[in-house]
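> got a structure for you, letters missing:
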């Protein structure tokens, strides 16, 4: 008789307890436990774990059903949508329970096979005839992952509405890019925004201002899952309130949810019926992720068995050591994330010499292939376990997936090693400083490196905590500094920059605690270290 699962004691605790009993005499294979030989004991452990998993899944389903039954205010359509989302959580939870050890065995990783990652320069050039380009673009859908908030940069609301260049937001730049394509070639490339429940309502209000632009904009919200109590493995939510986006009971389950959510909202089927063939997925804060005609043309004019999934990768630098990379694993091309790497091999994973490329999260995927995999239940991705603690001290887990991890499910998947210019994420104000500076030029919503910069590498910028919030960052620069010849900038402490400052080479500015440094207007700092106290006062 195996003990029934309860909310008081977690499955993990019960399994550990039983395994501990079974392992008391591991050194003697013939010794007995409760009159059983070792093989029978270990078989008991396996049976118990299977029963525990079944009980946990049944209890989770039961609790989710209660949540739905107790939410009388939901419409029939809302109930249907929530039911689909809950089924997605149950599927993810089942894979979480069945996991045994790391998802990757380090010794089984093999070098990438020849031809699995193509060089961008080897791709055929797109047609010069505008009519032929229009045919290509009319088969494309652009989808931006728009679920993030601007809280990490001190802003409220969706991150995509942060002003990043010439008063234009991430979303403004994206719309301008696609509007230009549609006007230039007379095509109809739609823009799709996958929001989270944190950003959906605000985004719906914001996109109204684009109604007279030459871009058809669609929006949908990704799933909303209840956080799981780490001990009981039951949802922490007690009821469903779709209007309350502040509750810490719920979370968006990572951008790997894009496939199911895209299908569930009906847009995937709509685009397929309209004759669309490809979707280009990227993060809304990656300003380098623009529609690339060379990649588009190569994918729509393939010979032989066509590739259903292409991931853009780029050369890794020491600033990218934590980025996911591509590996050959058990005969399949797979994405390896740092969360999957055993602790003993973390340094090896971060090695620029062994793993030379990383995932930009720019993905080009066949729409019909997505539809077939979602309908057949074949969209398998590694479960990412995100441990959190709520404000009341309760430990919870979030089960998530990453969009790139779906690569292994598609036929003939491969990578394209693209120029670094296609990876311009803005995660911090350090990134924002470069995007706003004269390092880049802006045309048709697209950023290109200033031709006056004599070398193609991007400066390494590290701004301290005084610059963390966008508001504080903007107040500390009277104007954007000239960084055309900058290699490395580190700023720490209470530092302000006057108008027309030029930074060259390596510049390090450190204001000690309680001191302030004002960089004078027009100052030229080249290979300089500035420290101490330099205060300029008005009189």
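Ah, there it is. All values derive from a computational prediction rather than experimental measurement.
> contacting residues around residue 441?
Residue 441 makes contacts with 447-450, as judged by CB atoms under 8 Å, 6 or more residues apart in numbering. C-beta: built from backbone N, CA, C; applies to glycine.
> If you rank those by neighbours, which is first?
residue 447 (20 neighbours; other CB atoms under 10 Å).
> before we move on, the earlier item: closest one of the contacts of residue 441 to residue 457?
Using CB to CB, residue 449 is the member of the contacts of residue 441 that sits closest to residue 457, with 9.8 Å.
> List the beta-bridge partners for the closest one.
Partner residues in beta bridges with residue 449, using DSSP bridges, are residue 440.
> these two touch, right, it and residue 440?
Yes - contact between residue 449 and residue 440 holds when scored by CB atoms under 8 Å: they sit 6.0 Å apart.
> tally of neighbours for the closest residue in space to residue 479 that isn't next to it in sequence?
Nearest in space to residue 479, with sequence neighbours left out and distances taken as CB to CB, 6 or more residues apart in numbering, is residue 499 at 4.5 Å. For residue 499, the number of neighbouring residues by other CB under 10 Å comes to 13.
> what's the spatially closest residue to residue 319 that is not a sequence neighbour sitting at in phi/psi?
Counting by CB to CB, 6+ apart, residue 319 lies nearest to residue 460, which is 6.4 Å off, once chain neighbours are set aside. Note on residue 460: its backbone torsions stand at phi -90, psi 120 [degrees, to the nearest 10].
> any idea of the pLDDT on residue 460?
pLDDT for residue 460: 94.
> Kindly report the same for the one 10 residues further on.
The predicted local distance difference test score for residue 470 is 95.
> Surely it touches residue 432?
Yes - Residue 470 sits in contact with residue 432 when judged by CB under 8 Å, with a separation of 7.1 Å.
> Can you give me the first-to-last residue distance of stretch 516-523?
With CA to CA, to the nearest Å applied, stretch 516-523 spans 17 Å between its terminal residues.
> Tell me how far that stretch lies from the chain's centre.
38 Å (CA atoms, centre = their mean, to the nearest Å).
> just to revisit the earlier point, how about the secondary structure of the residue nearest to residue 479?
Following DSSP: H, G, I helix; E, B strand; the rest coil, we place residue 499 in the coil state.
> OK, contacts around it?
Residue 499 makes contact with 478-479, 521-522, according to CB under 8 Å, 6+ apart.
> ok, it to residue 519 distance?
Applying CB to CB, to the nearest Å, one obtains 10 Å for the distance of residue 499 from residue 519.
> So what's the residue count around the nearest residue to residue 511 once chain neighbours are set aside?
Sequence neighbours aside, residue 493 is the residue nearest to residue 511 in space, at 3.1 Å (criterion: CB to CB, 6+ apart). Residues lying near residue 493 (other CB under 10 Å) number 17.
> Please name the residues that touch residue 493.
By CB under 8 Å, 6+ apart, the residues touching residue 493 are 464, 466, 509-513, 515-517.
> And the buried ones among these, selectable in ChimeraX?
Written as a ChimeraX command, the selection of buried residues from these, which uses 16 or more other CB atoms under 10 Å, is:
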select :464,466,509,510,511,517
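> Could I get the buried residue list for the helix or strand containing residue 508?
Counting by DSSP states H and E, the element that carries residue 508 is strand 502-511. By neighbour count with 16+ other CB under 10 Å, strand 502-511 contains the buried residues 502-504, 506-511.
> possible to save those residues as JSON lines with pLDDT and distance to residue 204?
Conversion of the buried residues of strand 502-511 to JSON lines gives the following (pLDDT from 0 to 100; distance: CB to CB, whole Å):
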{"residue": "502", "pLDDT": "97", "distance to residue 204": "43"}
{"residue": "503", "pLDDT": "97", "distance to residue 204": "41"}
{"residue": "504", "pLDDT": "96", "distance to residue 204": "46"}
{"residue": "506", "pLDDT": "96", "distance to residue 204": "46"}
{"residue": "507", "pLDDT": "96", "distance to residue 204": "44"}
{"residue": "508", "pLDDT": "95", "distance to residue 204": "45"}
{"residue": "509", "pLDDT": "95", "distance to residue 204": "43"}
{"residue": "510", "pLDDT": "94", "distance to residue 204": "45"}
{"residue": "511", "pLDDT": "93", "distance to residue 204": "43"}
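> Residue 282: which of these is nearest?
Relative to residue 282, the closest of the buried residues of strand 502-511 is residue 503; by CB to CB it sits at 30.1 Å.
> which other residues reach the following helix or strand past the strand holding residue 508?
If you walk from strand 502-511 toward the C-terminus, the next helix or strand you reach (DSSP H and E) is strand 516-519. The contact list for strand 516-519, computed with CB under 8 Å, 6+ apart, reads 493-498, 501, 509, 511, 525, 530-536.
> Next: stretch 93-113.
For stretch 93-113, the external contacting residues (CB under 8 Å, 6+ apart) are 11, 53, 56-57, 60, 228, 326-330, 333, 336, 340-342, 344-345, 380, 382-383, 385, 399.
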